[in-house]
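>>> give me a model of this one.
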Amino acid sequence: MSQERQNEVAMICGGTAGIGLASARALLAAGIGRLLLVGRNAARGEAALAELRPAWPEADIRFTAADLAIPAGAQAAIDSCLAAFGRLDTLLSGAGGNPMPRLLHETPLEQVPAVIGAITSGVLLPARAALPQMMRQGSGSIICIASDAGKVATPGEVCIGAAMAGIAMFCRALAIEAKRNGIRVNCLTPSIVRNTPLYAALMQDGFAGKLFAKAERLAQLGVVEPDDLASLVVYLSSPAAARLTGQTISVNGGISAA
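Below you'll find the model as predicted:
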């Protein structure tokens, strides 16, 4: 475990599986000494702790259960982090749920706001809740996870694309506001990511399975895995990226050049 980052605090929203859990491993391996995982499912949280704590016994690793898609839940998660560690250096906000592609005319009209809101709220609210503490510190890195659906128009992802584009613009605009306080904000936009709960759900769905099977064939550099995103999370949170902010970075194996 590196000594350079052992006093840093990282909080991972959606940290009990997939990209979040892979990022937890990568941050711990990079030397992060204090880590808070946040998710809705307490059992999955305990399972994540049972995996991580033996591998990094010198780190202080904790879990808190919260519904990040509502303001009170997002604030409670940030409050838990500050109560435990007193600061927050890196926020990975990727709890946007598991949206399932559907053609817009097959999506009931009354569900459209809920679909878009469910995706965006779990990502944007923790970022907003983290701002006051990072402003007091005069430093911090916020990394949000959206998807390439916000860059590439795809049949079946009208609502998903609208939400993901919203997350990307949120990050770009916030980066301009927050830079005066030493806070960096960036957004990762993968396409299909294997070995995640969302991947399993997509591939079992008749419409989505066909859509993303085609996408996988275009990933001639290899279909993305959670560790690919985790490596970029480590970089974006590190001093090596001290002058990098407001970027929306695709990691998709060559599916597109978005």
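
>>> quick check, pLDDT for the residue nearest to N98 when sequence neighbours are not counted.
Leaving aside its chain neighbours, N98 sits nearest to L198 (4.6 Å; criterion: Cβ to Cβ, 6 or more residues apart in numbering). Where you see a C-beta, it was placed from the backbone N, CA and C, and this is true even at glycine. Note on L198: pLDDT of 87.

>>> kindly report the same for M1.
According to the prediction, M1 has pLDDT 47.

>>> same check, this time on S238
S238 is assigned 96 on the pLDDT scale.

>>> go on, the one 10 residues further on?
The per-residue pLDDT reported for T248 equals 97.

>>> count of residues packed around it?
The number of residues packed near T248 is 22, by other Cβ atoms under 10 Å.

>>> now do A114
A114, neighbours per other Cβ under 10 Å, totals 12.

>>> and it, backbone torsions?
The phi/psi pair for A114 (degrees, to the nearest 10) reads phi -70, psi -40.

>>> again with V224
According to degrees, to the nearest 10, V224 has phi -70, psi 140.

>>> again, but for N186
Per-residue torsions, N186: phi -140, psi 160 (degrees, to the nearest 10).

>>> cool, and I12?
Dihedral angles (degrees, to the nearest 10) for I12: phi -120, psi 110.

>>> tell me the contacts of it?
20, 23-24, 27, 35-38, 92, 94 (Cβ atoms under 8 Å, 6 or more residues apart in numbering).

>>> centroid-nearest residue for this structure?
By Cα atoms, centre = their mean, the mean C-alpha position of the chain lies nearest to G94, the distance being 2.4 Å.

>>> ok, and the closest non-adjacent residue to that one?
I145 (3.4 Å).
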